[in-house]
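**Q** Let me see the structure of the following:
(chains A and B)
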Amino acid sequence: MIKIENLNKAYKKNQVLKDINLELEKNKIIAILGPNGSGKTTLIKSILGLVIPQKGNIIFNGQSVIGEWEYRNKISYLPQIASFPENLKVSELIALVKDIRQQDVEDEHLIQYFKLDEELNKPLRNLSGGTRQKVNMVLAFMLDSPVIILDEPTVGLDPVAISRFKSLLKEEKAKGKLIIFTTHIMSLVQEIADEIIFLLEGDIYFQGSVEELISQNGSSKLESAITNLIEKSHA
Amino acid sequence: MLKILKYSLFDLVRSNWSIAYLTFYLLVSSSILYMNGDLTKSIISMMNVILLLIPLVATVFGAIYMYNSREFSELLLSHPIKRKSIFLGQYFGLAISLSLSFIIGVGLPFIFRGIFGSPQLSNFLVLIGVGLILSFIFSLLSFFVALRFENRIKGFGLSLFIWLFMSIIYDGLLLLILIWFESYPTEKLAIALTLINPIDLGRVLIMLFLDTSALMGYTGAVFYKFFGAWQGILISLSSLLVWLILPLYLLLKYTKRKDF
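**A** Here you go, the predicted structure:
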């Protein structure tokens, strides 16, 4: 579905992505992991066209998308920081996204699901961080896009919302979608990810299933397996 | 573009900033009208307020808005819209909300004093027009600077320096240059230097319209002598438009290759 070829990105002299080659297939939940500054967000943003790579190609459904914008109507994105115009109401923000996308939208169900009914007419500046993240979720999941990209989705969510988020992800995957997410919470990865892509200093250091990662690095838990993986790389 | 414009305007006109700005203009223009008692004098006093304050407020407002909406711009960029539409929409939303506060804040008190029935109407409209152009130019400059520099302190610093340079330092430099080259003919130099400062252009434009040569200052007088009133008006107006179109073109070019 998404194919990345020889992707290179540097911010001035700082090489963030080094010759990344990847193929992402639909009907999968893929976790992109790695320490801070390893290039996770840059990789995601290149797929979205927010970051313009110096070299390489990104192919979406068979077509190169560098410099294009129409392909983004097949992608839903949940940004890392939920920051919205302060004086808009929640309902107006949802209307804005509907206005831009001009496609079938299923928002009422999600608003109830995340219990946002009572917040709809409040200005966004009055919402707490967690509630804003729920609004962010509604904006990302209300569009029925074949690709969903989530940048640290669980930040600020309460346990109830996290468990709802997980079941939502499983529902979406059952529809045959490609879901890509980054996180630092290993239990979440172990529970829902089909595939792990581990980035280290701009390189793909490991790609495979959770089981493979655990068995290769001699530990029963994902967290310690990854610690072992990073320590091996420094050796 | 219009969709983005609509919602950023919704957002901005409700902000406390816009309301404070509107109230400020209501107060200033009412008190100037009250103290002067005469429309022509009030227009000239308002001109001095506008030439100093509009660029400052537009600069500060533009930078604050751009920095506050940075993450939201990222969200918009992930949707299927062109970059050009997003940033044009945001910029026009910003410039229009500033302009609305200005038009209402200055317009209402003058309307109550009967500007519509008076012979001063055309001069008043020129005042409003110059205020609008300056709002658009300076909010554009700071919008651009804030987009270019991710570091807020750098961005604010540079934006404010542009304002300070255009409105204060520039006049001093102009004066110094004219004193240094006292013994040479400096008219052409003065004209060229005026063309590169939008605030000065605004001042010259209003003065040429009001036809108050005593208040023109050196550059205004040179303009008048050199071009005559109408040609001077035309030239200063078109230079102001260049100040709007050129940065807008550069902004759009820049957004194409920017990483977010």
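
**Q** could you pull out the strands for chain A?
**A** In chain A, the strands defined using DSSP state E lie at A:2-11, A:14-24, A:28-33, A:55-60, A:63-64, A:75-78, A:147-151, A:178-182, A:195-200, A:203-208.

**Q** Looking at those, spot the one closest to chain B.
**A** Chain B sits nearest to strand A:75-78 of all the strands of chain A, at 3.8 Å, using Cβ to the nearest Cβ. Backbone N, C-alpha and C define where each C-beta goes, glycine included.

**Q** Which residues outside that closest one are in contact with it?
**A** With contact meaning Cβ atoms under 8 Å, 6 or more residues apart in numbering or on different chains, strand A:75-78 is reached by A:47-48, A:136-137, A:139-141, A:143, A:145, A:147-151, A:153, B:75, B:78.

**Q** same thing but at 7 Å, please
**A** With Cβ atoms under 7 Å, 6 or more residues apart in numbering or on different chains as the test, strand A:75-78 has contacts from A:48, A:136-137, A:140-141, A:143, A:145, A:147-151, A:153, B:78.

**Q** can you give me the helices for the chain?
**A** Reading this off chain A. A:40-48, A:90-101, A:108-113, A:129-141, A:159-174, A:186-192, A:210-216, A:222-234 (DSSP state H).

**Q** wrong one, I was asking about chain B
**A** Under the criterion DSSP H, chain B contains helices at B:2-13, B:16-36, B:39-68, B:70-77, B:83-112, B:121-148, B:152-164, B:170-180, B:187-195, B:198-210, B:217-257.

**Q** Where among those is average confidence lowest?
**A** Among the helices of chain B, helix B:187-195 carries the lowest mean pLDDT, at a mean of 82.

**Q** any idea of the angle that helix forms with helix B:217-257?
**A** Computed by axes from the mean of the first three to the mean of the last three Cα atoms, to 10 degrees, the angle separating helix B:187-195 from helix B:217-257 equals 50 degrees.

**Q** Next, the buried residues of helix B:187-195.
**A** B:190, B:191, B:193, B:194, B:195 (16 or more other Cβ atoms under 10 Å in any protein chain shown).

**Q** Alpha carbons only: can I get stretch B:70-86 in CSV?
**A** Extracted C-alpha coordinates of stretch B:70-86, given in CSV (Å, rounded to 0.1, in the frame of the first residue of the first chain):
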residue,chain,number,x,y,z
ARG,B,70,1.7,26.2,14.4
GLU,B,71,0.4,22.8,15.5
PHE,B,72,-3.0,23.4,14.1
SER,B,73,-1.3,24.2,10.7
GLU,B,74,0.3,20.8,10.9
LEU,B,75,-3.0,19.2,11.3
LEU,B,76,-4.4,21.1,8.4
LEU,B,77,-1.4,20.2,6.3
SER,B,78,-2.2,16.5,6.8
HIS,B,79,-5.5,17.0,5.1
PRO,B,80,-5.9,17.0,1.3
ILE,B,81,-5.5,20.7,0.7
LYS,B,82,-2.7,22.6,-1.0
ARG,B,83,-0.2,24.4,1.2
LYS,B,84,-1.0,27.6,-0.6
SER,B,85,-4.6,27.5,0.4
ILE,B,86,-3.9,26.9,4.0
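
**Q** wait, does that stretch contact chain A?
**A** Yes: Stretch B:70-86 reaches chain A (Cβ under 7 Å from any Cβ of the partner chain) through B:71, B:72, B:74, B:75, B:77, B:78, B:79, B:80, B:81, B:82.

**Q** hmm, who's touching that stretch?
**A** A:48, A:50, A:69-70, A:72-73, A:77, A:79, A:81, A:83-85, A:100-101, B:1, B:4, B:252, B:255-256, B:260.

**Q** among the residues you listed, which ones are buried?
**A** A:48, A:50, A:69, A:72-73, A:77, A:79, A:81, A:83-85, A:100-101, B:1, B:4, B:255, B:260.

**Q** Can you pull the phi and psi angles for the closest residue to residue B:40 other than its chain neighbours?
**A** By the measure of Cβ to Cβ, 6 or more residues apart in numbering or on different chains, the closest residue to residue B:40 outside its immediate chain neighbours is residue B:120, 5.9 Å from it. Dihedral pair for residue B:120: phi -80, psi 0, per degrees, to the nearest 10.

**Q** ok, of the residues of stretch B:70-86 next to chain A, which come out buried?
**A** Buried members of these, scored by 16+ other Cβ under 10 Å, are B:71, B:72, B:74, B:75, B:77, B:78, B:79, B:80, B:81.

**Q** which of those residues sit farthest apart?
**A** Within those, B:71 and B:80 form the most distant pair, 19.0 Å apart (Cβ to Cβ).

**Q** chain center to stretch B:168-188, what's the gap?
**A** 24 Å (Cα atoms, centre = their mean, to the nearest Å).

**Q** Oops, could you answer that again for stretch A:212-227 instead?
**A** Worked out by Cα atoms, centre = their mean, stretch A:212-227 lies 23 Å from the chain centre.

**Q** From chain A, how far out is the nearest residue to residue B:250 once chain neighbours are set aside?
**A** In space, and not counting its chain neighbours, residue B:250 is closest to residue B:144: 7.2 Å by Cβ to Cβ, 6+ apart. Relative to chain A, residue B:144 is positioned 19 Å away (Cβ to the nearest Cβ, to the nearest Å).

**Q** How many residues are close by residue B:144?
**A** 23 (other Cβ atoms under 10 Å in any protein chain shown).

**Q** ok, now how distant is it from residue B:162?
**A** Using Cβ to Cβ, to the nearest Å, residue B:144 is found at 10 Å from residue B:162.

**Q** contacting residues around the closest residue to residue A:135 other than its chain neighbours?
**A** Spatially, and ignoring its direct neighbours in sequence, residue A:135 is nearest to residue A:90 (5.7 Å; Cβ to Cβ, 6+ apart). Applying Cβ under 7 Å, 6+ apart to residue A:90 gives the contacts A:116, A:119, A:120, A:122, A:124, A:135.
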